[in-house]
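Student: Need the 3D shape of this:
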Amino acid sequence: DDSGYDTESDDESSVDTTGDSDPEPDMSVPLSEGDNTDIMSVRPQTPQAAERQEVSSLVDMEAVFPVFREKGMKVIPSQMLNDPKQDGYKARLVAGGHRQDETVFRDTQSPTCNIEIIFMCVAIAAAEERRIAALDIKGAYLNAEMEGEVVYMDLNPHLTKVLCGLRPEWCKFIDSKGRMTVQLLRALYGCKQSAKLWNDLLVAEFIKMGFKENLKAPCCFNTTIMGSQATVCVHVDDLLITHDSTAGVKAVIDLIKTRFKDVVVQDTSDIVYLGMDIHRGDNSDIEISMGDYEKKILEARQTDGRAITPGQSNLFDVEKDSVPLSSEKSKEFHTACAKLLYLSKRTRPDILIATSVLAGRVIEPTEDDNDKLSRVYKYLKKFPCGKLKFKGGKKFELQVYADAAYMCHTDMTSRTGMVILANGGVIA
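Tutor: Residues are numbered from 1 along each chain as shown. Got it, this is the predicted structure:
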């Protein structure tokens with residue numbers, strides 16, 4: 001093979017899936033009222049069924065077409081990811097985009113709605129007593145057609161067998177190793193250009209539906225439905241919809257369904273969006289929590305004891321004589337910090353300062369750093385299931401607090417901090 005691509009490797013673990021995984025945990029909740037059989041999605045209960053469903057969607061969307069492999073053809077690998085969820089299994093075929101020529105795909109940026117914007121929209125929804133719904137566009141990338149350089153991809157013998165079970169006439173394309181080479185006709189997770197192709201399509205469709213994208217907040221769209229503002233926040237294929245009436249929310253959903261057929265809707269008082277549990281109380285207050293995620297990370301790192309604060313007075317100090325962590329413990333330290341950072345930027349701002357300091361120590365962590373990390377975990381055990389609470393039915397109120405500590409670090413550097421609250425809930 002003179003293509004410059006390593007196409008003969010059977011090591012599927014080399015497929016780069018960074019950025020393509022779902023925030024965890026992920027759950028789907030059906031509509032609470034009316035006939036929802038056309039948008040309701042039940043996850044497959046076995047890994048094999050999930051794989052078949054994923055391959056079937058590729059066929060239904062005409063996303064791939066088999067070709068005979070030729071000498072010099074640039075072919076990328078693929079990998080089927082199959083993750084167990086609370087309500088079944090979710091499979092996703094991922095292309096090995098890390099084998100694509102980076103010089104060909106220079107513009108691959110695809111924005112998502114910032115978490116601060118999402119929280120702001122929730123705060124406004126609480127203040128104005130808006131209705132909220134979440135919508136997941138299934139197989140989102142497959143809605144976008146491939147553009148530019150033709151992309152060829154290998155399917156392993158197992159996936160080839162599944163595909164030929166759906167399309168027997170394609171068996172003639174199977175090679176001597178039991179594999180099949182396909183041309184990608186639609187965007188697939190893993191390809192360098194897929195995220196941008198999907199985002200460009202999504203923005204174009206929303207504009208056709210009469211929405212306007214917020215110039216200061218990409219992926220936040222607004223329009224007028226039934227005389228009132230409707231807002232949609234988009235994070236890849238997960239949408240958060242707000243409107244001041246249930247009928248208005250349903251109208252937005254129906255409008256989106258005219259463009260994207262396979263969707264899953266949550267419109268009850270309890271929804272899950274980007275791994276966050278969003279609950280609306282009887283008094284219109286809205287609470288956001290990540291209790292399941294907190295429990296998961298606490299179970300992953302067993303820590304004895306409790307702590308009433310996430311950090312002590314020595315948090316900013318660097319103990320130069322502390323013993324460095326081993327390579328294995330350093331990786332565990334890095335992973336733990338990343339998980340805490342994900343949590344602290346969402347529903348636990350109370351651990352953000354300590355987490356930020358520790359995140360700056362992941363390159364060469366020491367036993368002292370590890371002790372400080374353990375204290376954060378002890379604090380989470382003492383005060384689990386933290387929540388953001390946005391007051392409902394009140395006049396919208398924004399509060400900003402800022403402070404600074406001069407030369408507080410061992411190297412004499414300073415630290416600044418700011419917290420922004422909207423209707424009582426931290427948004428940044």
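Student: Could you list every helix and strand that the helix or strand containing Leu298 packs against?
Tutor: Following DSSP states H and E, one finds Leu298 within helix 291-300. Under the contact criterion of 3 or more Cβ pairs under 8 Å, 6 or more residues apart in numbering; DSSP states H and E, helix 291-300 touches helix 327-344, helix 367-382. (Each C-beta comes from the backbone N, C-alpha and C, glycine too.)
Student: Could you pull out the buried residues of that helix?
Tutor: The neighbour-count check on helix 291-300 (16 or more other Cβ atoms under 10 Å) flags Tyr293, Glu294, Ile297 as buried.
Student: before we move on, back to that, any chance of the helices and strands packed on helix 291-300 in CSV with mean neighbour count and distance to Lys394 as columns?
Tutor: Converted to CSV, these look like this (neighbours: other Cβ atoms under 10 Å; distance: least, Cβ to Cβ, whole Å):
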stretch, mean neighbour count, distance to Lys394
helix 327-344, 17, 26
helix 367-382, 19, 30
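Student: So Ile241 belongs to a helix, correct?
Tutor: No. Under DSSP: H, G, I helix; E, B strand; the rest coil, Ile241 sits outside any helix and is assigned strand.
Student: Give me the neighbour count for it.
Tutor: If you count neighbours by other Cβ atoms under 10 Å, Ile241 ends up with 26.
Student: Quickly list what it is bridged to.
Tutor: Applying DSSP bridges to Ile241 gives these bridge partners: Ala133, Val232.
Student: mind listing what it touches?
Tutor: For Ile241, the contacting residues are Ile132, Ala133, Ala134, Leu135, Ala230, Thr231, Val232, Val249, Val252, Ile253, by Cβ atoms under 8 Å, 6 or more residues apart in numbering.
Student: ok, which pair from these is furthest apart?
Tutor: Ala134 and Ala230 (14.3 Å; Cβ to Cβ).
Student: report the angle between the axes of the helix holding Leu298 and helix 327-344?
Tutor: 160 degrees (axes from the mean of the first three to the mean of the last three Cα atoms, to 10 degrees).
Student: now helix 291-300: how far from the chain's centre is it?
Tutor: 18 Å (Cα atoms, centre = their mean, to the nearest Å).
Student: What of stretch 327-341?
Tutor: 20 Å.
Student: residue contacts, Trp170?
Tutor: Contacts of Trp170 (Cβ under 8 Å, 6+ apart): Pro66, Leu163, Cys164, Met180.
Student: Inside strands: which ones of those residues?
Tutor: Pro66, Met180 (DSSP state E).
Student: number of nearby residues for the closest residue to Val357 other than its chain neighbours?
Tutor: Leaving aside its sequence neighbours, Val357 sits nearest to Leu315 (Cβ to Cβ, 6 or more residues apart in numbering; 5.8 Å). Here the number of neighbours of Leu315 (other Cβ under 10 Å) works out to 17.
Student: Torsion angles phi and psi at Leu315?
Tutor: Main-chain dihedrals, Leu315, degrees, to the nearest 10: phi -60, psi -40.
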